[in-house]
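>>> Quick one, structure for this:
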Amino acid sequence: MGATGAAIILIKERHVAEAFEGAGITSPEHARDPQEIGVGMHGIGWRRLVDRAVVREAAPGKWYLDMPSWLALRRQRRRMSIVL
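Numbering: from 1, shown residues only. The predicted structure follows:
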């Protein structure tokens, strides 16, 4: 995957995270169906965030953005970009 492909994936992840954050879905108590906020559950951005436990399922069909995990992932990526 080239730099362009990687950038597209990161943008897709950010769109998912921003949709949850903008809707205030950042805790298990506020978990909702992602489709209610226009987030598809089949894209690469979605899959990568679920795999990294940034987006978590609180109850069947109800998901939320784990802010500490999202912020940690962003910090890690920033550090990597500085190193590279």
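>>> When you work out contacts or count neighbours from here on, use the C-alpha atoms and nothing else.
Fine.
>>> just checking, what packs against the lengthiest helix in the chain?
What stands out as the longest helix in the chain, according to DSSP state H, is helix 3-22. With contacts defined as 3 or more Cα pairs under 8 Å, 6 or more residues apart in numbering; DSSP states H and E, helix 3-22 has these neighbours: helix 44-51, strand 62-65.
>>> now the shortest one: how far from the chain's centre is it?
So the one you mean is strand 62-65. 10 Å (Cα atoms, centre = their mean, to the nearest Å).
>>> what distance separates the following helix or strand past it from the centre of its chain?
Downstream of strand 62-65, the first helix or strand assigned by DSSP states H and E is helix 67-83. Relative to the chain's own centre, helix 67-83 is displaced by 13 Å; criterion: Cα atoms, centre = their mean.
>>> who's in contact with helix 67-83?
With contacts defined as Cα atoms under 8 Å, 6 or more residues apart in numbering, helix 67-83 is touched by A17, T26, A53, V54.
>>> Tell me the buried residues within the residues you listed.
Buried members of those, scored by 16 or more other Cα atoms under 10 Å, are A17, T26, V54.
>>> what stretches of the chain score poorly on pLDDT?
1, 83-84 (pLDDT under 70).
>>> Let's see that with 80 instead.
Scanning the chain for pLDDT under 80 picks out 1-3, 5, 80-84.
>>> Can you verify my assumption that E13 contacts G43?
No: in this structure, E13 is not within contact of G43 by Cα atoms under 8 Å, at 9.2 Å.
>>> Just send the contacts of helix 67-83 back as a markdown table, with distance to R75 and secondary structure too.
Putting the contacts of helix 67-83 into a markdown table (distance: Cα to Cα, whole Å; DSSP: H, G, I helix; E, B strand; the rest coil) gives the following:
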| residue | distance to R75 | secondary structure |
| --- | --- | --- |
| A17 | 15 | helix |
| T26 | 18 | coil |
| A53 | 15 | coil |
| V54 | 13 | coil |
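>>> quick one: which of those is nearest to I37?
Ranked by distance to I37 (Cα to Cα), those are led by A17 at 11.2 Å.
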